[in-house]
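Trainee: Could you work out the structure for the sequence below:
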Amino acid sequence: MTNDGQLPSDLFMDLDRSGPMPLYHQVASRIEESIRSGAMPPGARLENEIALGERLGLSRPTIRRAIQDLVDKGLLVRRRGIGTQVVHGPVTRKVELTSLYDDLAQGSQQPTTKLLDRTDVPAPQAVAEALGVEVGATVVHVLRVRFAEDVPMAVLENYLPPEFTDITDEDLRAHGLYQLLRSRGVTMRVAKQRIGARAATDDEAGLLEIEDGDPVLTMSRTAYDASGRAVEYGVHCYRPDRYSFEVTLVDK
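Mentor: Numbers count the residues shown, from 1 in each chain. Now for the predicted structure:
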């Protein structure tokens, strides 16, 4: 990184300008890598949006979205009269639109999956409402246990619309669900999510290797693509001694 805040051009040489991954996400990921590696130390200033966009041949809205994503993560801060700076101190990860597989992989923990069920089933009412399909329409039901370093972390139950019936058992064992959706051209833009806690059921306790009735964290989520179409509905439970949710609150 130069003294005037200019990032090296080779950092962005492999941007995929025609693939399904949004350009703003690719730019944000590369800047995030520079911050986490120490190439951009705390207090370093980033060149302005217009200059960076012109240098990379990208629009200003694309650069603005990339920078805003990093501001939302707590990696950058906008300061009036100074510009955009890398923040001091540790960074706390926020609740965001990623999967548990993504979270574990980014945290340098090796995720593995035990697939318990993958079947095409008639959509019950709650699932039909979440996915925007008719009650009884065929949907894909997936039930898995996610492990990190051979320790069970979560029981993951998901439902997918019928266009994803080509997803195989082997796909689900080898990859995260969001990886599979992205590989099929799905760009997830927004999700409606609810986080809670309750006692584990007997089945969940056995799968998570905890005592019957022990507490678990819960999350239900419906994810939507760029057109506003629901592409996934999930109901998950997590071991609270192995997983936690962290949220950054901002006064607006």
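Trainee: Can you give me the buried ones in the top helix by length along the chain?
Mentor: Under DSSP state H, the helix in the chain containing the largest number of residues is helix 23-37. Burial within helix 23-37, assessed by neighbour count using 16 or more other CB atoms under 10 Å, is assigned to 23-24, 26-28, 30-32, 34-35. All C-beta spots, glycine's among them, are computed from the backbone N, C-alpha and C.
Trainee: helices or strands next to whichever helix or strand comes after that helix in the packing?
Mentor: Along the chain past helix 23-37, the next helix or strand (assigned with DSSP states H and E) turns out to be strand 45-46. When contacts are defined as 3 or more CB pairs under 8 Å, 6 or more residues apart in numbering; DSSP states H and E, strand 45-46 packs onto strand 83-86.
Trainee: rewinding a little: contact partners of the longest helix of the chain?
Mentor: Surrounding helix 23-37, the residues in contact under the criterion CB atoms under 8 Å, 6 or more residues apart in numbering are 1, 7, 11-12, 15-17, 40, 46, 56, 58, 62-63, 65-67, 69-70, 73, 75-76, 86.
Trainee: So which of those sit within strands?
Mentor: The strands, defined by DSSP state E, take in 46, 76, 86 from these.
Trainee: Which parts of the protein are strands?
Mentor: Along the chain, counting by DSSP E, strands occupy 45-46, 76-79, 83-86, 111-122, 138-148, 151-160, 188-199, 215-225, 230-238.
Trainee: how about the buried residues of helix 23-37 in JSON lines, adding distance to residue 168 and pLDDT?
Mentor: Converted to JSON lines, the buried residues of helix 23-37 look like this (distance: CB to CB, whole Å; pLDDT from 0 to 100):
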{"residue": "23", "distance to residue 168": "30", "pLDDT": "91"}
{"residue": "24", "distance to residue 168": "31", "pLDDT": "91"}
{"residue": "26", "distance to residue 168": "28", "pLDDT": "91"}
{"residue": "27", "distance to residue 168": "33", "pLDDT": "90"}
{"residue": "28", "distance to residue 168": "32", "pLDDT": "91"}
{"residue": "30", "distance to residue 168": "32", "pLDDT": "89"}
{"residue": "31", "distance to residue 168": "36", "pLDDT": "90"}
{"residue": "32", "distance to residue 168": "32", "pLDDT": "90"}
{"residue": "34", "distance to residue 168": "37", "pLDDT": "87"}
{"residue": "35", "distance to residue 168": "37", "pLDDT": "86"}
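Trainee: and of those residues, the nearest to residue 205?
Mentor: For those, the minimum distance to residue 205 (CB to CB) is 37.0 Å, reached by residue 32.
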